[in-house]
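Asker: Dropping the sequence and predicted coords here.
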Amino acid sequence: MHTLADHYFSSILDYLQAQGISTKTALHAISFDEFSNQRTHQLAPRISLNSYNALLVYGKKTLNDPLFGFTLGQQIRTADYGVLGYLIESSDNLSSAIKALLSYDSLVAGIGKAKFELNTDTATIRWIAHQSCNEHVVLRNMTAWVSVIRQLINLTLSPSSISFTYNWLPSQRRALESWFKCPVKSSAEYNQISFPSDYLTLPFKTDNAIINSTFKQLSEQQLSNFKSQQCIDDKVNQLLTAKTTLQNCNLIGIADALNLTPRTLQRRLKQQDLTFAQLLEKERKKRADTLIASMPLADLSNILGFKDQSSFNRAFLRWHKCSPLKFTKYKTASTAK
């Protein structure tokens, strides 16, 4: 599920508002509709990667900032990371903070995977972004990592090198190198930050073992809750599969079986770039392929929940680019060989 926490998303809205762009204007511009309460326009707890990409592109164009993700990363506060931010802030050193990041990064944004490598003199943290992430997502992420560590250890701290898979213009790369205070590589194989391994033991100014223990427990609880909610499509698929017939199978009935409102189910599916109609069609196609040779087409169309055989025929043509009759003949011939 490629989503991010509402507080990480809303921190962009806060920045845009500081530049004179209202939240209402920004959300309207990207056709945003991911609200837990439509009346109050309260953001949903998790926001889709599509909306995140769209807001970053909007910010880039509206503010005429080709390095908008970089600009946002410099503005980051530990509070923007929610519970994970406080866990990192209360860590004793960089090594502990990286362990927290690797364990709980999905609480902030499940749109990529952080990996850590340690050699004799150099440590590297690499971010494997989801393929749909645009360059501003990556820029913000990696800039924010460096910004937070500087806040917690030393503002003059610099990586050994930064690599991006994107190809920056010479002027853009100079801007990046000026802030990161290290060489920046474009068109690299990975998005990664390398730094001297002795940075790992540098103490944090905000080290607090008691607070750290508390936020580690909270992080575990949130991660457990997040994982339990993550696979809503699996739960819908299980309910669809368990039905002997798909007749009268609809969003309202499935939502009720999951103790959700139809709007909440729609929103959670949207966070996975899915709709109920897509899942229902997938189940219909699966059953059709299995049962088509074992019963009359009229009976099959009824079991699959189509209002008549003509509707089933049109759907089947969309799935297989041929009629049910041609498909059955081909399947029978293939089985006989």
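Answerer: Happy to help now that I have it.

Asker: Now do the spatially closest residue to His130 that is not a sequence neighbour against Tyr86, distance only.
Answerer: Nearest non-adjacent residue to His130, counting by C-beta to C-beta, 6 or more residues apart in numbering: Ile111, 4.8 Å away. For glycine as for every other residue, the C-beta is placed from the backbone atoms N, C-alpha and C. The spacing between Ile111 and Tyr86, counted by C-beta to C-beta, to the nearest Å, is 21 Å.

Asker: quick one: which of these two has more around it?
Answerer: Ile111 (23 against 20; other C-beta atoms under 10 Å).

Asker: Surely that one and Ala5 touch.
Answerer: No. Contact criterion C-beta atoms under 8 Å: Ile111 and Ala5 do not qualify, at 10.9 Å.

Asker: Could you tell me which strands the helix or strand where Phe116 lies is paired with, and in which direction each runs?
Answerer: Assigned by DSSP states H and E, Phe116 belongs to strand 112-118. The strands that strand 112-118 pairs with in its sheet are strand 122-129 (antiparallel) (by DSSP bridges).

Asker: could you say what helices and strands the helix or strand following the strand it pairs with packs with?
Answerer: Stepping forward along the backbone from strand 122-129, the first helix or strand reached (DSSP H and E) is helix 135-152. If contacts are counted by 3 or more C-beta pairs under 8 Å, 6 or more residues apart in numbering; DSSP states H and E, helix 135-152 sits against helix 49-62, helix 68-74, helix 83-89, helix 94-108, strand 122-129, strand 191-196.

Asker: Quick one, which of these gets closest to Lys286.
Answerer: helix 49-62 (26.6 Å; C-beta to C-beta).

Asker: Give me the buried positions along the closest one.
Answerer: By neighbour count on 16 or more other C-beta atoms under 10 Å, the buried set for helix 49-62 is Leu49, Asn50, Ser51, Tyr52, Asn53, Ala54, Leu55, Leu56, Tyr58, Gly59, Lys60, Thr62.

Asker: Distance from the chain centre to that helix, please.
Answerer: Centroid separation between helix 49-62 and its chain, computed with C-alpha atoms, centre = their mean, to the nearest Å, is 14 Å.
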